[in-house]
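Trainee: missing the sequence, but the structure's below:
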């Protein structure tokens with residue numbers, strides 16, 4: 001694969017920046033590392049000479065590279081071949097499969113999130129599920145690329161997933177019919193009371209422009225002036241840092257959006273409003289931002305910026321807590337390093353690493369019948385092995401304070417379903433906008 005497609009694919013790497021190898025600045029090998037390199041080479045020689053089976057050089061070198069990167073953090077990785085191809089496929093969309101974002105977690109295939117409206121979502125697959133078997137074949141301990149390849153296939157064909165879901169006693173099977181997956185990063189609908197609902201499902205190319213177009217379409221559809229906007233970024237795993245800045249800039253007319261701080265001065269950068277879009281496109285309109293534990297990276301940049309500038313009221317659940325930036329560093333023509341090179345900070349100087357974005361109003365998703373069990377086993381950045389530590393040294397108990405039950409939210413999923421409420425968080429956000437005047441909701445003056 002040529003490296004040009006990688007540049008286009010960079011938009012789907014969570015909070016990623018592209019740094020050409022010629023300008024990245026390769027660190028000189030510390031002379032004191034000589035003995036350590038000697039150990040590495042000695043290990044290589046012993047394996048080549050004495051291992052029970054013959055091992056080729058490519059396998060050993062790739063294993064050494066993967067081991068080095070795995071010792072750093074969960075987001076740094078070596079990409080080549082099928083890994084890069086998968087990025088390109090995702091950014092272009094239009095593939096046949098299930099519509100799942102997955103990772104390998106300690107040998108198991110874990111669902112980060114199903115794409116909205118995808119066959120997987122419609123069949124009941126949820127974020128946090130572990131896939132143990134495909135059509136009865138065990139895939140635990142296997143290769144992620146092999147699992148992804150098996151899940152893809154001709155539209156209209158079926159595949160049975162065996163899922164383990166935290167809180168359930170036994171694994172269970174779900175049959176999913178493959179479909180043509182067309183990634184739709186932005187969707188919108190006009191709700192009762194001239195309130196717009198814009199869902200940002202991922203931060204791929206042109207998301208800022210797509211949200212601008214969605215807002216324009218809502219204004220055209222409305223019977224009068226717009227009375228509110230719900231910006232929905234739940235289960236959005238992130239994407240392009242530039243698009244996160246662009247989306248924030250749509251609603252801000254001054255001040256900083258996010259700052260990026262790395263080890264070297266050249267890796268520090270401040271992103272400010274009015275750099276991409278002029279003015280606040282929804283000036284005077286109250287905004288509610290919805291986030292949850294699946295909202296990560298680029299989503300947290302937008303939520304943090306609008307919250308710090310008091311331009312929006314943030315509702316939902318504390319976000320994932322991924323406050324790092326990965327740079328894509330080319331290694332020749334057909335490989336690259338996705339390497340963590342900086343942390344990012346909200347306008348107030350808050351790092352979301354580990355702690356995430358805390359909503360102004362915590363609203364649990366009461367319409368989820370598995371809420372209690374899923375919350376107990378919910379995973380965030382702070383739960384990942386080898387994650388970057390927040391520089392403030394946050395304690396676990398401080399991160400768990402937002403699990404206190406609010407007495408306002410006591411209805412069961414069954415009671416809400418009887419009332420016709422399928423999405424309680426969205427319902428609560430809409431009702432908040434309907435029962436308040438514009439001045440009652442956070443609006444930046």
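Mentor: Structure received. Every value quoted in this text rests on a predicted model; they were computed, and no experiment measured them.

Trainee: for the rest of this, base every contact and every neighbour count on C-alpha atoms.
Mentor: Will do.

Trainee: who's in contact with residue 55?
Mentor: 47-48 (CA atoms under 8 Å, 6 or more residues apart in numbering).

Trainee: phi, psi of it?
Mentor: phi -120, psi 130 (degrees, to the nearest 10).

Trainee: state the distance from it to residue 252.
Mentor: 57 Å (CA to CA, to the nearest Å).

Trainee: where do the helices sit along the chain?
Mentor: Per DSSP state H, the chain carries helices over the ranges 4-9, 21-24, 34-50, 57-70, 82-92, 119-122, 144-151, 207-221, 241-249, 298-308, 371-376, 396-399, 413-418, 424-434.

Trainee: any chance of a markdown table for those, columns mean pLDDT?
Mentor: Converted to a markdown table, the helices of the chain look like this (pLDDT from 0 to 100):
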| stretch | mean pLDDT |
| --- | --- |
| helix 4-9 | 37 |
| helix 21-24 | 39 |
| helix 34-50 | 90 |
| helix 57-70 | 90 |
| helix 82-92 | 57 |
| helix 119-122 | 90 |
| helix 144-151 | 82 |
| helix 207-221 | 96 |
| helix 241-249 | 94 |
| helix 298-308 | 96 |
| helix 371-376 | 58 |
| helix 396-399 | 47 |
| helix 413-418 | 84 |
| helix 424-434 | 95 |
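
Trainee: out of those, nearest to residue 275?
Mentor: Residue 275 lies closest to helix 241-249 among the helices of the chain, at 7.5 Å (CA to CA).

Trainee: from the contact counts, what lies against that closest one?
Mentor: helix 207-221, strand 256-262, helix 298-308 (3 or more CA pairs under 8 Å, 6 or more residues apart in numbering; DSSP states H and E).

Trainee: wait, which of the ones you listed is closest to residue 111?
Mentor: helix 298-308 (18.2 Å).

Trainee: where does pLDDT dip in this protein?
Mentor: Applying pLDDT under 70 to the chain picks out residues 1-32, 82-95, 183, 354, 370-407, 437-445.

Trainee: identify, by residue count, the longest strand of it.
Mentor: strand 335-345 (DSSP state E).

Trainee: ok, back up a step: tell me the most buried of the helices and strands packed on helix 241-249?
Mentor: Most buried of the helices and strands packed on helix 241-249, by mean neighbour count (mean count of other CA atoms under 10 Å): helix 298-308, with a mean of 28.

Trainee: chain center to it, what's the gap?
Mentor: 13 Å (CA atoms, centre = their mean, to the nearest Å).

Trainee: distance check, the most centrally placed residue in the chain against residue 116.
Mentor: The chain has residue 237 as the residue nearest its centroid, 1.2 Å off, counting by CA atoms, centre = their mean. Distance, residue 237 to residue 116, using CA to CA: 12 Å.

Trainee: and residue 308, by the same measure?
Mentor: Distance from residue 308 to residue 116, by CA to CA: 29 Å.

Trainee: so who does the residue nearest to the centre of the chain touch?
Mentor: Residue 237 touches 14, 112-113, 202, 294-299, counting by CA under 8 Å, 6+ apart.

Trainee: distance check, residue 271 against residue 42.
Mentor: 47 Å.

Trainee: not counting its neighbours along the chain, what's nearest residue 171?
Mentor: residue 164 (4.6 Å; CA to CA, 6 or more residues apart in numbering).

Trainee: quick check: the residue nearest to residue 433 when sequence neighbours are not counted vs residue 167, distance?
Mentor: Counting by CA to CA, 6+ apart, residue 433 lies nearest to residue 228, which is 6.2 Å off, once chain neighbours are set aside. Per CA to CA, residue 228 is found 37 Å from residue 167.

Trainee: how about residue 280?
Mentor: For residue 280, the distance to residue 167 - CA to CA - is 44 Å.

Trainee: with neighbour numbers in mind, choose between those two.
Mentor: residue 280 (19 against 14; other CA atoms under 10 Å).

Trainee: isn't the more buried one right up against residue 253?
Mentor: Yes: the criterion here is CA atoms under 8 Å, and residue 280 meets it with residue 253 at 5.6 Å.

Trainee: thought residue 65 was touching residue 78?
Mentor: Yes: at 7.3 Å, residue 65 and residue 78 qualify as touching, with contact defined as CA under 8 Å.

Trainee: and those two? Which one has more around it.
Mentor: residue 78 (20 against 13).

Trainee: identify the residue spatially nearest to that one, adjacent ones excluded.
Mentor: Nearest to residue 78 is residue 337, by CA to CA, 6+ apart, at 4.8 Å.

Trainee: residues in contact with that neighbour?
Mentor: 76-79, 327-331.

Trainee: ok, what's across the strand from it?
Mentor: Using DSSP bridges, the beta-bridge partners of residue 337 come out as residue 78, residue 329.

Trainee: before we move on, the earlier item: any idea how far the residue nearest to the centre of the chain is from residue 348?
Mentor: 23 Å.

Trainee: quick check: the nearest residue to residue 206 once chain neighbours are set aside vs residue 300, distance?
Mentor: Excluding its sequence neighbours, the residue lying closest to residue 206 (CA to CA, 6+ apart) is residue 243, at 6.8 Å. Between residue 243 and residue 300 the distance, using CA to CA, works out to 12 Å.

Trainee: of the contacts of residue 337, select the buried ones using a PyMOL command.
Mentor: Here is the PyMOL command that selects the buried residues among the contacts of residue 337 (16 or more other CA atoms under 10 Å):
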select buried, resi 76+77+78+79+327+328+329+330
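
Trainee: what's the neighbour count on residue 332?
Mentor: Neighbours of residue 332 (other CA under 10 Å): 10.

Trainee: wait, residue 236
Mentor: Count around residue 236 with other CA under 10 Å applied: 28.

Trainee: now it. Nearest residue, chain neighbours left out?
Mentor: Nearest to residue 236 is residue 295, by CA to CA, 6+ apart, at 4.8 Å.

Trainee: tally up the residues packed near that neighbour, please.
Mentor: 29.
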